[in-house]
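# 3D, please:
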Amino acid sequence: MWIFGYGSLIWKVDFPYVQKLIGFIKGFQRRFWQGSEDHRGVPGKPGRVATLISQPQGVVWGVAYEIAVEDEQRVIAHLDNREKGGYVQDRVTFYPDPLSSTPFEAIVYRGTEDNPNWLGPADVDAIARQISESQGPSGKNSEYLLELADALRKLAPEDHDEHLFELEVRVRSMLTSSRAG
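So this is what the prediction gives:
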């Protein structure tokens, strides 16, 4: 069994795995449209975390983790709990990099529009402001965004996720301004 990570699972892996592969899935875009009141925000003041939205021409880079058979049930139970804030399991085709490797099926967790924590699209400055100001039991929302952007730059320099990297620029600017002021 394989698990595909495109958000915090890229840089905050807290389950056992046999190996990890860098690659991508098709037909989606990463967006910070999912609210988080249990990790990167609190009830009434949610943070924003990554989810996947359907986009026929989209490509999302991330990491696939192979899970040993004896760990499968425990890892799924752990991830079901970790991703309980509106995420559902889905199956995707993962394309390892280099492309000479054979694509395979992986499980992915993604927030859908019908979940209670869905925030949906907003102006990029409004999303950046919310991320820069939110904090929850797992830490600052800005840490989530900045760690993800840094990890993707290292793992998949060919990834040009405009939404993620534009948010990174704006959040860094807001954090610098708030420290200076």
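
# separation between R91 and G27?
Distance, R91 to G27, using C-beta to C-beta, to the nearest Å: 12 Å. Any C-beta I mention is one placed from the backbone N, CA and C, and that applies to glycine too.

# hmm, I was thinking of E158
To G27, E158 is 18 Å away according to C-beta to C-beta.

# between these two, which has more neighbouring residues?
When neighbours are counted by other C-beta atoms under 10 Å, G27 comes out ahead of the other of E158 and G27, with 14 against 8.

# neighbours of A126, how many?
Neighbourhood size, A126 [other C-beta under 10 Å]: 11.

# give me the buried positions along the helix-or-strand element of the chain with minimal mean pLDDT.
Sorting the helices and strands of the chain by mean pLDDT, DSSP states H and E puts helix 162-180 at the bottom, at a mean of 92. Neighbour counts over helix 162-180 (16 or more other C-beta atoms under 10 Å) mark H163, L164, L167, E168, R170, V171, R172, M174, L175 as buried.

# closest one to L21 out of those, please.
Distance to L21 across the buried residues of helix 162-180 (C-beta to C-beta) is lowest for L164, with 20.4 Å.

# so A149, which state does it fall into?
Here A149 is recorded as helix under DSSP: H, G, I helix; E, B strand; the rest coil.

# contacts only, for it.
Going by C-beta atoms under 8 Å, 6 or more residues apart in numbering, A149 touches L164, F165, L167, E168.

# which of these lies closest to R31?
L164 (8.9 Å).

# separation between the closest one and F15?
Counting by C-beta to C-beta, the gap from L164 to F15 is 24 Å.

# same deal with Y144?
From Y144 to F15 the distance is 18 Å (C-beta to C-beta).

# which one's more surrounded, those two?
The neighbour count for Y144 versus F15, taken as other C-beta under 10 Å, is higher for Y144 (26 against 15).

# max pairwise distance over the contacts of A149: which two?
Farthest-apart pair in the contacts of A149 is F165 and L167; separation 7.3 Å (C-beta to C-beta).

# what about stretch 97-104, start to end distance?
End-to-end distance of stretch 97-104: 12 Å, with C-alpha to C-alpha, to the nearest Å as the criterion.

# just stretch 3-22 next, same as before
Taking C-alpha to C-alpha, stretch 3-22 runs 12 Å from one end to the other.

# and it, what's buried?
3-12, 17, 20-22.

# show me how far it is from its chain's centre.
Between the centre of stretch 3-22 and the centre of its chain there are 11 Å (C-alpha atoms, centre = their mean, to the nearest Å).
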